[in-house]
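Undergrad: Requesting a structural model of the entry that follows:
(4 chains)
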Number of protein chains: 2
Amino acid sequence: MTSPPQAKRPVTRADVARLAGVSPAVVSYVLNGTDRPVSPATRTRVEDAIAALRYRPNAIARALRQGTTRTVGLLIPDSSNPLFAELSQEIEAVADAAGYAIILTNARGDVQHEAQQLRNLVDRQVDGLIVISASMVDPYVDQLQAMGLPIVVMDRVGPLPGITTVGVDFELGSSIAVEHMLSHGHRVVAAVLGDDGSPSTIARERGWAGALQAAKAQEGPTVRVPFSREGGYEAGLNLLSRPVPPAAVFISSDLQAVGFLRAAHEIGVAVPEQTAVISFDGSLECQFTWPALSVVEQPLTELAHLAMSALLEGEAGTHTVVQPRLIARASCGCLPAH
Amino acid sequence: MTSPPQAKRPVTRADVARLAGVSPAVVSYVLNGTDRPVSPATRTRVEDAIAALRYRPNAIARALRQGTTRTVGLLIPDSSNPLFAELSQEIEAVADAAGYAIILTNARGDVQHEAQQLRNLVDRQVDGLIVISASMVDPYVDQLQAMGLPIVVMDRVGPLPGITTVGVDFELGSSIAVEHMLSHGHRVVAAVLGDDGSPSTIARERGWAGALQAAKAQEGPTVRVPFSREGGYEAGLNLLSRPVPPAAVFISSDLQAVGFLRAAHEIGVAVPEQTAVISFDGSLECQFTWPALSVVEQPLTELAHLAMSALLEGEAGTHTVVQPRLIARASCGCLPAH
DNA sequence: ATGAAAGCGCTAACAT
DNA sequence: ATGTTAGCGCTTTCAT
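TA: Presented below is the predicted three-dimensional model:
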């Protein structure tokens, strides 16, 4: 009688040790290749046993023992926002290269839920937290800080005292956009801004206003709408259905710009001929709008690298700011639409 | 002399037990509220101690003990594809509601890397795997199956023998799209298809051809390009720069349709007047294209629910197929663009 | 160069 | 109703 079709008990370090005829410790020595001396002969025996049994170390047990999961928690407002989806992809790639896995959660624009998710990630013993565009109002965050859990906040310019941030210079980026408009000869630039009153919205507004002021140009009308295609559409309807639509508009985000373009098409305002547009972000979607959007691009790969290294090696409380760059396409009037 | 500023050793179940004056086991009883009887008095003492110490159970230790991490691995081709980003968001929401966290990885279109990531997830002791649009060529998958780890494959119609799949009926969806074109009076429908020869591409082609045949209508030209905006753009250039552009085109995916529309604008072909278009997927992006895309929509929320329940409760090897539905907007000629 | 043993934080079977 | 204890699979002193 043969044994029953072998219960699928996972193979452990002990099984390997038994087959190789060594103690469990030696298996660890071989696997973790620290400077522990192992004779070539036993090393081979262990390696053969590992291969024969298809042994794979249990990361959970290792995590419990070592006190590190090689996992980082990533909290995002909304994966369906292409900017965040693209950024999280970059972060995942960088983390993976460093041997870290990503536990991903969505805040869903709900502060309660955000706090809940944060707690959940910490309970799961993540080694660090990357939090994008968070409200961070939860006092729990302070507590995390105090516990020494590394946290990096992105897409949010300071000043969160004591909290590490990595992000783009929104003010500079916005002024670059406006200056480019001015170089096209515009003397008045309108703005579509976020309606959240967040620091990054304020920074963008300041960049827009500052660039105009520096050039002694004039502030056009502003409209504040949510960071969404719908918001941008609404803003477009608002601005473009006026008796004389603005000749140049700075738009705070790609998503809003996409909605704005739709409004322009509906109303029959030609972009860039009647209204020139530059937006902020530079997600993939805006390369294929009609006309293609000129953008101030957030360097997502660079941001992802900086965030991970700030998380893993950085000193808490630093604020890393990277410079966005202009990508001129058709919507500002640089390229012929065709 | 006071003790130094308190090393941040995390508080454990033992600390709680000590403070509450009970044994560590009782703390577990209180927390895990199984039908274990605990006197109201001690329960309160324990709860107070938990609150006072801000104790949170270590999920890793619990996982090691219980043999379940309440974690599912999600392998996606590419988070920057809006369809996958939106689907992963839905999956995350459903998983979260069920108390599961998602470990997210990207396959990056690389079979080697895909296999690597899969192994990584398994090493991390995920309770199940949701794999989207995978090549699944790796023999390791069979092994996983054999080990009894639940796996659900999405965005891929059968027949992966023995593997659970959840997906949309691509053939039906495609025929719905074509039938709708026919209802607009078209008698010839062209097709933009994927170039990967995958089962889902074949199914879409069959749906397109089948609907035409059933109506005794005629197959227009087909062009096979990658599932990307660039691919669709190329397809658009190809089809629309012909002496007589096709009057109706079925496009395999939103991403391709977005590229196709850009080609139409560049060439100056009016959609839907000169060329009507319907695409497959129904991601958010295509509501704001110009004109708005008519689509056959994948019900992502439903798919996410089905995938999770197939994973957690389902019997292996089942094939769940859901019906997509038509959302007629402007690009097919249903709605005025304006 | 290898082994024995302690213990990471938790749960659950088994006392009492 | 509560306590004791034996692990889960692993790493890492400390012995030998």
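Undergrad: Pull the contacting residues for the closest residue to DNA strand D within chain A.
TA: In chain A, the residue that lies nearest DNA strand D is A:R13 (2.9 Å; C-beta to the nearest atom of the strand). No exception for glycine: its C-beta is placed from N, CA and C like everyone else's. Contact analysis of A:R13 by C-beta atoms under 8 Å, 6 or more residues apart in numbering or on different chains lists A:24, A:27-28, A:55, A:57.
Undergrad: Not counting stretch A:15-28 itself, show me its contacts.
TA: With contacts defined as C-beta under 8 Å, 6+ apart, stretch A:15-28 is touched by A:13-14, A:38, A:42, A:45-46, A:48-50, A:52-53, A:55.
Undergrad: Can you find the helix or strand in chain A with the smallest mean pLDDT?
TA: helix A:140-147 (a mean of 67; mean pLDDT, DSSP states H and E).
Undergrad: which residues in chain A form strands?
TA: Listed in chain order, the strands of chain A (DSSP state E) span A:71-76, A:101-106, A:128-132, A:151-154, A:164-168, A:188-194, A:218-225, A:248-251, A:276-281, A:294-297, A:319-322, A:325-327.
Undergrad: and stretch A:181-191, which residues are buried?
TA: Residues A:181-182, A:186, A:189-191 are the ones in stretch A:181-191 that count as buried (16 or more other C-beta atoms under 10 Å in any protein chain shown).
Undergrad: and which of these is nearest B:A310?
TA: B:A310 lies nearest to A:A191 out of those, by C-beta to C-beta, at 48.1 Å.
Undergrad: The closest one contacts A:E205, doesn't it?
TA: Yes: judged on C-beta atoms under 8 Å, A:A191 makes contact with A:E205 at a distance of 6.9 Å.
Undergrad: any shared contact partners between those two?
TA: Shared contacts of A:A191 and A:E205, defined by C-beta under 8 Å, 6+ apart, comprise A:T222.
Undergrad: Please, where are all the helices along chain A?
TA: A:13-20, A:24-32, A:40-53, A:59-66, A:82-97, A:111-123, A:140-147, A:170-183, A:199-214, A:229-240, A:254-267, A:300-312 (DSSP state H).
Undergrad: Can I get these in JSON lines including distance to B:P199?
TA: Listed next are those as JSON lines, based on distance: least, C-beta to C-beta, whole Å:
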{"stretch": "helix A:13-20", "distance to B:P199": "39"}
{"stretch": "helix A:24-32", "distance to B:P199": "39"}
{"stretch": "helix A:40-53", "distance to B:P199": "34"}
{"stretch": "helix A:59-66", "distance to B:P199": "33"}
{"stretch": "helix A:82-97", "distance to B:P199": "26"}
{"stretch": "helix A:111-123", "distance to B:P199": "36"}
{"stretch": "helix A:140-147", "distance to B:P199": "46"}
{"stretch": "helix A:170-183", "distance to B:P199": "44"}
{"stretch": "helix A:199-214", "distance to B:P199": "44"}
{"stretch": "helix A:229-240", "distance to B:P199": "33"}
{"stretch": "helix A:254-267", "distance to B:P199": "33"}
{"stretch": "helix A:300-312", "distance to B:P199": "33"}
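Undergrad: Of all these, which one is nearest B:P272?
TA: helix A:254-267 (14.0 Å).
Undergrad: Is the closest one positioned near chain B?
TA: Yes: against chain B, helix A:254-267 shows contacts by C-beta under 8 Å from any C-beta of the partner chain at A:258-259, A:261-262, A:265-266.
Undergrad: Give me the angle between that helix and strand A:188-194.
TA: 120 degrees (axes from the mean of the first three to the mean of the last three C-alpha atoms, to 10 degrees).
Undergrad: can you give me how far helix A:254-267 is from the chain middle?
TA: From the chain centre to the centre of helix A:254-267 is a distance of 24 Å (C-alpha atoms, centre = their mean, to the nearest Å).
Undergrad: From the contact counts, what lies against that helix?
TA: helix A:82-97, strand A:188-194, helix A:229-240, strand A:248-251, strand A:276-281 (3 or more C-beta pairs under 8 Å, 6 or more residues apart in numbering or on different chains; DSSP states H and E).
Undergrad: Please export the C-alpha coordinates of that helix as CSV.
TA: Provided in CSV are the C-alpha atoms of helix A:254-267 (Å, rounded to 0.1, in the frame of the first residue of the first chain):
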residue,chain,number,x,y,z
ASP,A,254,-4.4,66.7,-17.0
LEU,A,255,-7.7,65.3,-15.9
GLN,A,256,-9.2,68.8,-15.8
ALA,A,257,-7.6,69.6,-19.1
VAL,A,258,-9.3,66.6,-20.7
GLY,A,259,-12.6,67.8,-19.5
PHE,A,260,-11.8,71.3,-20.6
LEU,A,261,-11.0,70.2,-24.2
ARG,A,262,-14.3,68.4,-24.4
ALA,A,263,-16.1,71.6,-23.4
ALA,A,264,-14.1,73.5,-26.1
HIS,A,265,-15.2,71.0,-28.7
GLU,A,266,-18.8,71.2,-27.7
ILE,A,267,-18.9,75.0,-27.6
